[in-house]
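Undergrad: Have a look at this prediction, sequence included:
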Amino acid sequence: RKEVEQDPGPFNVPEGATVAFNCTYSNSASQSFFWYRQDCRKEPKLLMSVYSSGNEDGRFTAQLNRASQYISLLIRDSKLSDSATYLCVVSVGGGSEKLVFGKGTKLTVNP
Amino acid sequence: NAGVMQNPRHLVRRRGQEARLRCSPMKGHSHVYWYRQLPEEGLKFMVYLQKENIIDESGMPKERFSAEFPKEGPSILRIQQVVRGDSAAYFCASSPGSYYNEQFFGPGTRLTVL
């Protein structure tokens, strides 16, 4: 089983649509959770950290369910500029802060 | 505040040559991480360093790869005797070491081995 698994995608949605990405992780000791976005051939950029209480940043809402080892990202009113690959990322911590990345889900927002 | 800097951005080497990739963390960050992204693959952790110390090298190939983060100067990822399979994008990230461990990535070095 992969450490971090994401919807394989790709997702193609019209502008203004709401789109949800799901992710599961296998290591129950994981301590930190993030969503990054990566544009084609560019570096990953931190979109948001994910907290147990859930958090929202503008059009983006992230949820974490530790019991189910499940993370989600919701994008409302999607824009053309949201087109990118969305990476679910987990860190075990405990002395090594390495990030474990999912393979990503590609999103294309169409006009 | 300048972000994470990496150079060179593109590096071409012939099989058997050495590749040196440099990374300067964000100002105030003392933790450096290296990741590799093979074509059409996700990012994979390689090594985690703090100044003058390797903290976790569990993702480093056993041979030909080494990394350092000296007291002065950038972090260096060194690949000796490169092979075609080393062709990839190498990303460096840094963090201040805060509890939430948010890591910020540099633009990457794209290594092509001919």
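TA: Good, I have the coordinates. Numbering: from 1, shown residues only, chains lettered A, B, ... in the order given.
Undergrad: Around chain B, pick out the residues from chain A.
TA: Contact residues (Cβ under 8 Å from any Cβ of the partner chain) of chain A with chain B: A:32, A:34, A:41-46, A:49, A:87, A:91, A:93, A:95-104. (Glycine included, C-beta is placed from N, CA and C.)
Undergrad: Can you flag the buried ones in those?
TA: When burial is judged by neighbour count using 16 or more other Cβ atoms under 10 Å in any protein chain shown, the buried members of the residues of chain A next to chain B are A:32, A:34, A:43-44, A:46, A:49, A:87, A:91, A:97-104.
Undergrad: ok, for residue 11, nearest residue in space, not its chain neighbours?
TA: Chain wasn't specified; assuming chain A. Nearest residue to A:Phe11 in three dimensions, chain neighbours excluded: A:Leu107, at 4.8 Å (Cβ to Cβ, 6 or more residues apart in numbering or on different chains).
Undergrad: To clarify, I was referring to chain B.
TA: Counting by Cβ to Cβ, 6+ apart, B:Leu11 lies nearest to B:Leu111, which is 5.0 Å off, once chain neighbours are set aside.
Undergrad: what's downstream of the helix or strand of chain A with the lowest mean pLDDT, the next helix or strand?
TA: Among the secondary structure pieces of chain A, namely its helices and strands, strand A:96-101 has the lowest mean (mean pLDDT, DSSP states H and E), a mean of 86. Later in the chain than strand A:96-101, the nearest helix or strand by DSSP states H and E is strand A:105-110.
Undergrad: With adjacent residues omitted, what lies nearest to residue 29?
TA: Just so you know, I chose chain A. Leaving aside its sequence neighbours, A:Ala29 sits nearest to A:Val92 (Cβ to Cβ, 6+ apart; 5.6 Å).
Undergrad: you looked at the wrong chain, it should be chain B
TA: With Cβ to Cβ, 6+ apart as the criterion, B:His29 has its nearest non-adjacent residue at 3.8 Å, and that residue is B:Ser94.
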